[in-house]
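In: Okay, here's the prediction I keep looking at, along with the sequence it came from:
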Amino acid sequence: MTDLELIFSMLGEASTTEIVTNKNAQGFDENKQSAKMGGTIAGNARKELEEKSGKKVVSSSNFLNQERKFKELDLNKDQ
């Protein structure tokens, strides 16, 4: 993940934690609602940055893609 991807992920988590704590959310449904609110806060912030910077925050360099590339390299090494 890039720095910005991590930051927005952390914003969503921190926002959710703050909402859960302040609303004293109990049970699955209340926590799910709080998680959606926290995710919306981070999503709106990401969209606003993308709009103002003209650049996408989400990158195509994904750890899973990197892992697949390493496996492919290892498989090709034997040939």
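Out: Okay, I see it.
In: Remind me what whichever strand or helix holds Gly38 packs against, helices and strands.
Out: Under the criterion of DSSP states H and E, Gly38 resides in helix 27-53. Judged by 3 or more Cβ pairs under 8 Å, 6 or more residues apart in numbering; DSSP states H and E, the packing partners of helix 27-53 are helix 3-23. Just so you know, the C-beta spots here come from the backbone N, C-alpha and C atoms, and that holds for glycine as well.
In: I'd like the average pLDDT over the helix it packs on.
Out: On average, the pLDDT along helix 3-23 is 97.
In: And the contacts of that helix?
Out: Contacts of helix 3-23 from elsewhere in the structure, counted by Cβ atoms under 8 Å, 6 or more residues apart in numbering, are 1, 25, 30-31, 34-35, 37-39, 41-43, 45-46, 49, 57-59.
In: just to revisit the earlier point, which parts of the helix holding Gly38 are buried?
Out: When burial is assessed from 16 or more other Cβ atoms under 10 Å, helix 27-53 yields the following buried residues: Ser34, Ala35, Met37, Gly38, Gly39, Ile41, Ala42, Ala45, Arg46, Leu49.
In: go on, stretch 9-24?
Out: Within stretch 9-24, the residues that count as buried by 16+ other Cβ under 10 Å are Leu11, Gly12, Ser15, Thr16, Ile19, Val20.
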